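Colleague: Here's my sequence, what's the structure:
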Amino acid sequence: MLQERIEIHPRVCNGKPVIKGTRIPVTILLEQLADGQSWDAILRVYPEIMVEDIKAALLYAKSSIDHTALV
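Modeller: Below you'll find the model as predicted:
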C-alpha cells in the first residue's frame, strides 16, 4: 500500500515523502492529525487525496518508527 500511495523523489519537495502524484508532504498530514484535524477536514482542504492516502501516511510514520533505534 505504501508504494502505491507514497513517493520520494529528489525533485519533489526536496525529497521528502509525499502523497503520490501530489506535492503534499506526509509530514503535513501527520501534523494536521496531531493538531486534532479530522480526516474529513483534511480531505476538504486537500480534495486531491483520498482516505487511503491518509492511512498510507500513518503507515509510513509507523514504518519509520519501527526502523528507528533509540539510543
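Colleague: what's near enough to touch the residue lying closest to Y46 once chain neighbours are set aside?
Modeller: Using C-beta to C-beta, 6 or more residues apart in numbering and skipping residues adjacent in sequence, the residue nearest Y46 is I24, 5.8 Å away. In short, each C-beta sits where N, CA and C put it, glycine included. Shown in contact with I24 (C-beta atoms under 8 Å, 6 or more residues apart in numbering): 18, 46, 48-49.
Colleague: let's see it at 10 Å
Modeller: Going by C-beta atoms under 10 Å, 6 or more residues apart in numbering, I24 touches 13, 18, 42, 45-46, 48-49, 53, 57.
Colleague: Quick check: of those, which lies closest to E4?
Modeller: Nearest to E4 out of these is D53 (C-beta to C-beta; 9.7 Å).
Colleague: Off-centre distance for the helix or strand containing that closest one?
Modeller: Following DSSP states H and E, one finds D53 within helix 51-66. Relative to its parent chain, helix 51-66 has a centroid offset of 6 Å by C-alpha atoms, centre = their mean, to the nearest Å.
Colleague: contacting residues around the helix or strand containing A41?
Modeller: Under the criterion of DSSP H and E, A41 resides in helix 39-45. Residues outside helix 39-45 that contact it (C-beta under 10 Å, 6+ apart): 24, 28-29, 32-33, 37-38, 49-51, 53-55, 57.
Colleague: If you average the pLDDT over that helix, what comes out?
Modeller: Averaged across helix 39-45, pLDDT comes to 98.
Colleague: For it, buried residues please.
Modeller: I42 (16 or more other C-beta atoms under 10 Å).
Colleague: before we move on, what about stretch 10-22?
Modeller: 12-13, 17-20.
Colleague: so who does P25 touch?
Modeller: Neighbours of P25 in contact, by C-beta under 10 Å, 6+ apart: 12-14, 16-19, 31, 57.
Colleague: Dig out what it forms beta bridges with.
Modeller: Beta bridges link P25 to V18, judged by DSSP bridges.
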